[in-house]
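1. Next come a sequence and a model predicted from it.
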Amino acid sequence: HSSLLELLELPSLMDACVRSNLYEEALSISAFANTLERRHTEKNPVVMKVIAQVRSRQSDLRRYLLHSLKNQVTMPECLEIVTALRRLNSIDLERLQSENSNLERIHAAMEFSLQVDFLEARDAWLDQPSNAAAPGYLNPSGEGSGGT
């Protein structure tokens, strides 16, 4: 019974991890969902529902991470976010591996999409009026402000 309870709690556990900025733990749960999907090829409805809920939380995590890039973040935080986004892509690729033979092309498209999303999010941050005078950061005109 405890194994079933743990399985049913996976989506809420992942949700709690996302809300607590525990990206690695949330990503581990997403990767585990791939393992569950491979192991339960008989398509158990309970397992499939849990997997679908984890996938939904995975999408929430991606949106949350991209939204985080629209705020002021330090370089280490930025790298952590990009690393988590790349790991999400690899989890998606792992899931698609059995369905698709053109993984390199899909990976390249995912990486390009991540680059565009990153630049759009950071551009949105730069466009915020409160960042125009932030010391030590580049303002939208490309000039450093303050601190020099």
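-> Looks like it arrived, so ask away.

2. For residue 91, give me its contacts.
-> 27, 30, 31, 34, 58 (CB atoms under 8 Å, 6 or more residues apart in numbering). In this view, the C-beta of every residue, glycine as well, is placed from N, C-alpha and C.

3. Give me the pLDDT for it.
-> pLDDT, the model's per-residue confidence, is 92 for residue 91.

4. In three-state terms, how would it be classified?
-> Classification of residue 91 using DSSP: H, G, I helix; E, B strand; the rest coil returns helix.

5. Next, find the distance separating it from residue 116.
-> Using CB to CB, to the nearest Å, residue 91 is found at 20 Å from residue 116.

6. now, which of the contacts of residue 91 lie within helices?
-> Taking DSSP state H as the definition of helices, the contacts of residue 91 contribute 27, 30, 31, 34, 58.

7. so what's the last one up against?
-> Applying CB under 8 Å, 6+ apart, one finds that residue 58 lies in contact with 14, 26, 30, 33, 88, 91.

8. nearest to residue 39, of these?
-> Nearest to residue 39 among the contacts of residue 58: residue 33, at 10.8 Å, using CB to CB.

9. out of everything not next to it in sequence, what's closest to that closest one?
-> Using CB to CB, 6 or more residues apart in numbering and skipping residues adjacent in sequence, the residue nearest residue 33 is residue 54, 4.1 Å away.

10. in what helix or strand does the one you found lie?
-> helix 45-68 (DSSP states H and E).

11. Then residue 101?
-> Here residue 101, judged by DSSP H and E, is contained in no helix and no strand.

12. Give me the below-cutoff pLDDT ranges for this structure.
-> Of all residues in the chain, those with pLDDT under 70 make up the ranges 1, 41, 98-100, 131-148.

13. redo that, cut-off 50
-> Residue ranges of the chain with pLDDT under 50: 138-148.

14. Nearest the geometric middle of it, what residue?
-> residue 62 (3.3 Å; CA atoms, centre = their mean).
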